[in-house]
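[1] Show me how the following folds:
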Amino acid sequence: MGTVFSFDVRGCADPGRTREALSEAVAFLHHADRVFSTYRADSRVSRLARGELTPEQCGPDVQEVMRLCEDAQRRTEGWFSPRYAGRGTGWDPTGLVKGWATERAARLLASAAPAEGVCVNGGGDIQLLGGPWRIGIADPLAPGALATVVEVGADVPQTAVATSGPAERGCHILDPHTGEPPAHTLTAVTVVGPSLTLADAFATAAYAQGDGARSWLERQPDTEALATDTTGTAWQTTRFAHRVA
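    Modelled structure (predicted):
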């Protein structure tokens, strides 16, 4: 997927089975890349865009992600959209599929090799199962520094942390209504919730929307968010403070 994945498994009862489960999780992530990459001409998503395949011919994973994208578009009031793609393709699930694949790899790993805690980090977007954990949120204005630390207790069964913004990849998130870069000063939006599939899509949508996303995020159940701007401060949802270590 053009990024780095890392795995942290704590308290595993069977190290040999854990190594096997890690191999299965990595194999799944490579499978997801082969299916969903918009940079691979032979991926099912690319073939779908060219009209060579129908959604039904793409298989159950593509159909599942299509349903999830439609749900995310509805829940974000249109600020997440797989329908506009800057590279000219008709359907691009990039804003959701990395979170989906990372979450699924974490759940595969946890079910195949029971452990006290599992963390899968896909390019800075993180799915946690079990705990405790402390997750550093990178400061987009100071490489190598942290903006804050999110703390997850041992009693929390699942937590996801996703960040969207231009700090690592430059401007790659577009306003789905205009097809242009968002006209605001935010440098990053971090969303914390139970599912990385949704947290990834919500962070993308929130960055696209800008400051107007704050009131929408406040209404989302089990969801907290932190936004930073070019001055180093911006806003956070009222419940985010309870997440900070």
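[2] So which residues of the protein form helices?
    15-36, 44-49, 55-58, 60-75, 94-112, 196-209, 213-218 (DSSP state H).
[3] Which of those has the highest mean neighbour count?
    Of all the helices of the chain, helix 196-209 has the most neighbours on average by mean count of other C-beta atoms under 10 Å, namely a mean of 29. In short, each C-beta sits where N, CA and C put it, glycine included.
[4] That helix - contacts with which helices or strands?
    Contacts defined by 3 or more C-beta pairs under 8 Å, 6 or more residues apart in numbering; DSSP states H and E place helix 196-209 against helix 60-75, helix 94-112, strand 125-130, strand 158-164, strand 186-193, helix 213-218, strand 224-229.
[5] Parallel or antiparallel, list what pairs with the last one.
    Looking back up the chat, that one is strand 224-229. As defined by DSSP bridges, the strand partners of strand 224-229 come to strand 186-193 (antiparallel), strand 235-236 (antiparallel).
[6] CA-only coordinates of that strand in PDB, if you can.
    The C-alpha trace of strand 224-229 is given here as PDB (Å, rounded to 0.1, in the frame of the first residue of the first chain):
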ATOM      1  CA  GLU A 224     -13.500  11.900  19.700                       C
ATOM      2  CA  ALA A 225     -11.300  14.100  17.600                       C
ATOM      3  CA  LEU A 226      -8.300  16.500  17.700                       C
ATOM      4  CA  ALA A 227      -7.500  19.100  15.000                       C
ATOM      5  CA  THR A 228      -4.400  21.100  14.600                       C
ATOM      6  CA  ASP A 229      -3.800  24.100  12.300                       C
END
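[7] Might you list the low-confidence residue ranges for this structure?
    For the chain, the stretches with pLDDT under 70 are 84-89, 170.
[8] before we move on, back to that, out of the strands paired with strand 224-229, deepest packed?
    Among those, strand 186-193 has the highest mean neighbour count (mean count of other C-beta under 10 Å), at a mean of 26.
[9] and the angle from that strand to strand 158-164?
    170 degrees (axes from the mean of the first three to the mean of the last three C-alpha atoms, to 10 degrees).
[10] Would you format the helices of the chain as TSV with distance to H242 included?
    Listed next are the helices of the chain as TSV, based on distance: least, C-beta to C-beta, whole Å:
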stretch	distance to H242
helix 15-36	31
helix 44-49	38
helix 55-58	41
helix 60-75	22
helix 94-112	23
helix 196-209	16
helix 213-218	14
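[11] Mind checking the strands paired with strand 224-229 for the one nearest to E116?
    Nearest of the strands paired with strand 224-229 to E116, taken as C-beta to C-beta: strand 186-193 at 20.9 Å.
[12] Correct me if wrong: S46 contacts R34.
    No - between S46 and R34 there is no contact under C-beta atoms under 8 Å: 10.5 Å.
[13] Return the distance of T159 relative to L186.
    Counting by C-beta to C-beta, to the nearest Å, the gap from T159 to L186 is 23 Å.
[14] next one: R219
    Applying C-beta to C-beta, the value for R219 to L186 is 19 Å.
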